[in-house]
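1. The sequence and its predicted three-dimensional model are supplied below.
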Amino acid sequence: MRVLILGMDGYLGWPLALRLLARGHDVAGIDNLYTRKAVDEVGSTSGLPILSPEDRVHAVRDIMGKELEFIVGDVTKYSVLSKAITKFKPDTIVHFAEQRSAPYSMINVKHANFTLRNNLTGTINLVYAVRKYEQRNPGKKIHMVKMGTMGEYGTPNFDIPESPYVNAQIGGKNDKIVVPKFAGSWYHWSKVHDTNNLLYANKIWGTTITDIMQGPVYGTRTKEITNDKLFSRFDFDGVWGTVLNRYCVEAVLGMPLTVYGKGGQTRAFLSLEDSMESLRLLIENRPEEKGYRVVNQFTEVYSVKDLATMTKEVAAQQGMNVEITEVENPRVEENDHYYNPEHKILPSLGLTKPTRNIREEMGIILKDLAKHKERLEEYKEAILPKVRWRK
Ligand code: USQ
């Protein structure tokens, strides 16, 4: 299969390229290297060293014996995306090329607008470019795999269905409506708007789409990342880092683990390895032609307080004694809430449980990070959260 990855330089894009190459697929990717610059903008860097795009391609050739095409370009420029599709002729396009930090989107009006404009424009460009390509190549149907987020749903007091629509009764009348969503940042809302736009493209043009609602990902390794030259980026600062990866860095630096508020916030998590395996399964098992598939992508549900307790225990086994602290929650979110997302599509494709136990995975992350302690130490100032939802 020929797979084009938009956002190939990112935390998920890079390991996905490696996974698909290892499976024997032809892979090309586009990235404008924006995350590298935006992480620098907040005074941070990737906690694990990553190679330049050029060196990444060389490393893949040397270590895996595979050829990879890396296009440095911006998918919010329609012509860049359209040309890449015409030239590469993909069967599947995976779209990760979005601003993916909730705190970044909440910095100020400039960052909110950038997030909404950037994310919505890239997705609209993609549906139009795919439409044009399909019209010019009769019989060819591209499968779009779009990375959305579990955060689109918020934390509703009902079971979160794994479906684009639900049946509802309003004013005594029955109808099928789009699953109600209530996101918790401009970033998360940008993904809700994307989902609506994708549903509409599917309705009017029959674009074949898998819309993935993924929870926070943790981890440093996948089956292919066995050589440090193949590391994916690893963010840990208050803007770009996600909760468990941040706890692991805090543990390595001997800082208290930063639970926001009381830590009752419950989310659906998965490891980097399981994210790659899920994506592989969804790419290799496409929905029916003109289908629209929503997938809740996670393996386990935890509260952020539980994760901190587990991190503390695993760190102690490696001789790191850390405390847990409740910092004032910079976000506006529920502490005590119901959370029960439906999860049947990935198990039906074979992913029934996490590849590795979460504690084992934490142990691996801590060992990888400990080797880069000096690098992390240098960016310690960037760890505590500074962006507040209500200023
Ligand atoms: N949190 C802490 N301590 C920290 C950092 C975060 O308690 O040091 C809490 C937050 O308050 C929140 C939860 O952990 O309740 C998750 O926060 P996060 O920063 O790990 O994740 P989030 O901002 O929601 O976004 C991340 C990715 C995003 C993806 C999303 C999936 O950055 O791209 O869409 O996870 S989800 O959370 O399911 O929406």
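-> Structure's in. What do you need?
2. Y302 touches R267, doesn't it?
-> Yes - the criterion here is Cβ atoms under 8 Å, and Y302 meets it with R267 at 7.1 Å. Placement of C-beta: from N, CA and C, glycine included.
3. how about the residue in the chain that the ligand sits nearest to, secondary structure?
-> Closest to the ligand within the chain is G151: 2.4 Å, counting by Cβ to the nearest ligand atom. Three-state assignment for G151 (DSSP: H, G, I helix; E, B strand; the rest coil): helix.
4. Grab the nearest non-local neighbour of it.
-> Leaving out its chain neighbours, the residue that sits closest to G151 by Cβ to Cβ, 6 or more residues apart in numbering is H188, at 4.0 Å.
5. thought that neighbour was touching E152?
-> Yes - shown here, H188 and E152 form a contact pair, counting by Cβ under 8 Å, at 6.2 Å.
6. Show me which residues of stretch 309-328 are buried.
-> By neighbour count on 16 or more other Cβ atoms under 10 Å, the buried set for stretch 309-328 is 310-312, 314-315, 320, 322, 324.
7. Let me fix that, I meant to ask about stretch 55-70.
-> Across stretch 55-70, burial judged by 16+ other Cβ under 10 Å covers 56-57, 59-60, 66, 68-70.
8. Let me see the mean pLDDT of whichever helix in the chain runs longest.
-> Counting by DSSP state H, the longest helix found in the chain is helix 109-136. What helix 109-136 shows for mean pLDDT is 98.
9. other SSEs contacting that helix?
-> helix 78-88, strand 92-95, helix 102-105, strand 143-149, helix 186-205 (3 or more Cβ pairs under 8 Å, 6 or more residues apart in numbering; DSSP states H and E).
10. Not counting sequence-adjacent ones, nearest residue to D9?
-> Spatial nearest neighbour of D9, excluding adjacent residues (Cβ to Cβ, 6+ apart): D31 at 3.7 Å.
11. Run a quick check on the one you found versus Y11, I expect a contact.
-> No - counting by Cβ under 8 Å, D31 stays clear of Y11, with 11.8 Å between them.
12. tell me the angle whatever helix or strand D40 lives in makes with helix 109-136.
-> Per DSSP states H and E, D40 falls inside helix 34-41. Using axes from the mean of the first three to the mean of the last three Cα atoms, to 10 degrees, the inter-axis angle of helix 34-41 relative to helix 109-136 is 170 degrees.
13. For helix 34-41, report the contacting residues that lie outside it.
-> The contact list for helix 34-41, computed with Cβ atoms under 8 Å, 6 or more residues apart in numbering, reads 9-10, 45-46, 74, 99-101, 104, 233, 235, 237, 239-240.
14. What is the nearest of those to L279?
-> Distance to L279, by Cβ to Cβ, is smallest for G10 among the contacts of helix 34-41, at 12.8 Å.
15. Number of residues surrounding P15?
-> For P15, the count of nearby residues is 26 (other Cβ atoms under 10 Å).
16. how near is it to Y292?
-> When distance is defined by Cβ to Cβ, to the nearest Å, P15 is 26 Å away from Y292.
17. about what we covered before: of all the residues in the helix holding D40, which ones are buried?
-> Neighbour counts using 16+ other Cβ under 10 Å place 34-36, 38-39 of helix 34-41 among the buried residues.
18. among those residues, which two are most distant?
-> That would be Y34 and V39, which, of the buried residues of helix 34-41, are the farthest apart (Cβ to Cβ) at 9.6 Å.
19. ok, residues contacting the strand or helix carrying L20?
-> Element membership of L20, judged by DSSP H and E, is helix 13-22. Residues outside helix 13-22 that contact it (Cβ under 8 Å, 6+ apart) are 3, 5-8, 27, 29, 31, 50, 56, 60, 64, 66, 68, 94, 96-97, 222-225, 230, 232-233, 272, 276-277, 279-280, 283.
20. can you rerun that using 7 Å?
-> Residues outside helix 13-22 that contact it (Cβ atoms under 7 Å, 6 or more residues apart in numbering): 3, 5, 7-8, 27, 29, 31, 60, 64, 66, 68, 94, 96, 222, 224-225, 230, 232, 272, 276, 279-280.
21. right, and the helix or strand after that helix?
-> Following helix 13-22 in sequence, per DSSP H and E, is strand 26-31.
22. Quick check: residues of this structure near the ligand?
-> Neighbours of the ligand within the chain, by Cβ under 6 Å from any ligand atom: 100-102, 149-151, 188, 214-216, 242-243, 246, 258-260, 263, 265, 267, 304, 331, 333.
23. count of residues packed around E284?
-> Per other Cβ under 10 Å, the neighbour tally for E284 reads 14.
24. if I look at it, how far off is K141?
-> Separation of E284 from K141 (Cβ to Cβ): 16 Å.
25. now the helix holding L20 against strand 143-149, angle please.
-> Angle of helix 13-22 versus strand 143-149, following the same axes, to 10 degrees, is 150 degrees.
26. If you count neighbours, what's buried in helix 13-22?
-> Within helix 13-22, the residues scored as buried using 16+ other Cβ under 10 Å are 13-21.
27. Alright, calling it a day.
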